[in-house]
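> Predicted model and sequence below, questions to follow.
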Amino acid sequence: MEVRRPKLWACSVLRDALRVVFAAPMMYYKTIAGDWNQDGVRNHDVYDAGNVMNVLKPTT
């Protein structure tokens, strides 16, 4: 099964070629199996996070 992780890619033209100058994950999600309950159902710990990019006006 392929896992897709959204990423932010920033590119720039350097030496006449388009190159990645920054790459970062934008989202994280993980489920970790925990202990078994007496009724046979398993607990799970769920972790998730997200990033935000703010673009500001250039200043001089």
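That came in fine, so what should we check first? This one's a predicted model, so the numbers in the text were calculated from it and none came from an experiment. Residues are numbered from 1 along each chain as shown.
> pLDDT weak spots in the protein?
1-4 (pLDDT under 70).
> ok, and the closest non-adjacent residue to A24?
Leaving out its chain neighbours, the residue that sits closest to A24 by C-beta to C-beta, 6 or more residues apart in numbering is L8, at 5.2 Å. For every residue, glycine as well, the C-beta is placed using N, CA and C.
> swap in M26?
M26 sits nearest to P6 (C-beta to C-beta, 6+ apart), 4.6 Å away.
> quick one: what helix or strand has L18 in it?
Here L18, judged by DSSP states H and E, is contained in strand 17-25.
> partners of that strand in the sheet?
Using DSSP bridges, the strands paired with strand 17-25 are strand 7-14 (antiparallel).
> what about the residue nearest to A24, how many residues close to it?
Using other C-beta atoms under 10 Å, L8 has 12 neighbouring residues.
> ok, it - contacts?
For L8, the contact set (C-beta atoms under 8 Å, 6 or more residues apart in numbering) comprises 22-26, 51, 53.
> how near is it to L18?
L8 sits 16 Å away from L18, going by C-beta to C-beta, to the nearest Å.
> can you check L56 too?
From L56 to L18 the distance is 24 Å (C-beta to C-beta).
> which one is Y29 nearest to, not counting chain neighbours?
Nearest residue to Y29 in three dimensions, chain neighbours excluded: D48, at 4.6 Å (C-beta to C-beta, 6+ apart).
> Wait, the one you found touches P25, no?
No. Here D48 lies out of contact with P25, judged by C-beta atoms under 8 Å, at a distance of 11.9 Å.
> Compare those two (neighbour count), which wins?
Shown here are D48 and P25; by other C-beta under 10 Å, P25 has more neighbours (12 against 9).
> Fine by me, we can end here.
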